[in-house]
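Student: Mind looking at a prediction? Sequence and model below.
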Amino acid sequence: MSKKIILLAGPTASGKSKLAIHLAKKINGEIINADSMQIYKEFSILSSRPRKSEIKKIKHHLYGIVSVKKYFSAGNWLKEVKKKIHLCLKKKKIPIIVGGTGLYFNTITKGISKIPDIDTKTRNNVRFLFKKLGSKKFYEKLLELDPKVKNRINPKDSQRIQRAYEVKLKTKKSLFDWFAKTKSDFLDFDLRKVFIDIPRMDLLPNISKRTELMFKENCLKEVQKFNTMRLNKSLSANKLIGVQEINQFIKDSISLDECKELINIKTRQYAKRQNTWARGHMKNWNKLYSKNFSILLKKTLKVIS
């Protein structure tokens, strides 16, 4: 049997999960999550994790597997996804990796650098320095430490500039020197790459509908429960769209309508960033779309068969 893997990406609210389920039924596949927020146990509504009814239809992997208290990197995801891919192939199932986290897909198509684990003390020291200096001064200090970062990391990307700092500090080598040595572990696999290239005019109503559905399913309760955990602010789960906005509503700083609109705006901005990523990193992917779902399904099946 050919070692085929389907990679299915696209912006948030583009209908990836629905398409993945229909593909899995047609090609005897199983679904593996490639969304950095859907991995968290505590967020099923705000992260738009597939419903239990959907999971019953087709086997799903790597959804709700990590606590929001844990640091979970693209490297951690790659370790887990390798296990699931081999498990699927052993069962003669085709792995369908679906999600919107471009960095996760890059670890499959391009590989990941073998950067040694950064110890907690170094990581905390860097986080403290970032908090003390603020984003702008921290970035300037990073450029002094590692000039190779210039024009390669957005100064406003707090997570990546802190990562670059801790790597250079700990390993004495630039993040980009590590990247240069990367090689994919999937070179002998048949990777079929599909990106749902949904037009903005079709995406915007989807985003609004999904926000309404989140509130209908009581995302407020999810955020209130999350608040009781009092997490370190540097952890990724804090950045999930909706957490900050719902907390503003809970504190009576904004109305419910304003809260929903802020979530819609943030989601639209996120979708735009995902599309920008795809243009830069997914140039050789099959860009597919049709407003008619059955046509989109046929187009996708043609590409992956």
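Tutor: That came through, no problem.

Student: Now do the same contact list for the residue sitting nearest the centre point of the chain.
Tutor: Here the mean C-alpha position of the chain is nearest to the C-alpha of residue 101 (CA atoms, centre = their mean), at a distance of 2.8 Å. Going by CB atoms under 8 Å, 6 or more residues apart in numbering, residue 101 touches 34, 35, 36, 74. C-beta here means a position set from N, CA and C on the backbone, and glycine is covered the same way.

Student: go again using 7 Å as the cut-off
Tutor: Applying CB atoms under 7 Å, 6 or more residues apart in numbering, we find residue 101 in contact with 34, 35, 36.

Student: Spatially nearest residue to it (excluding sequence neighbours)?
Tutor: residue 36 (4.4 Å; CB to CB, 6 or more residues apart in numbering).

Student: The one you found in helix, strand or coil?
Tutor: Secondary structure for residue 36, judged by DSSP: H, G, I helix; E, B strand; the rest coil, is coil.

Student: please renumber so the chain begins at 59
Tutor: That works, and once the first residue is 59, the last one we named lands at residue 94.

Student: where's it relative to residue 335, distance?
Tutor: Residue 94 sits 13 Å away from residue 335, going by CB to CB, to the nearest Å.

Student: Compare these two (neighbour count), which wins?
Tutor: residue 94 (23 against 18; other CB atoms under 10 Å).

Student: Any stretches of the chain with poor pLDDT?
Tutor: 59-60 (pLDDT under 70).

Student: let's go with 80 and repeat that
Tutor: By pLDDT under 80, the weakly predicted segments of the chain are 59-60, 171-172, 237, 239, 291-292.

Student: Contacts for whichever strand or helix holds residue 141 next, please.
Tutor: According to DSSP states H and E, residue 141 maps onto helix 132-148. Under the criterion CB under 7 Å, 6+ apart, residues 61, 63, 88, 90, 119-120, 152-153, 155, 161-162, 165, 170, 243 lie in contact with helix 132-148.
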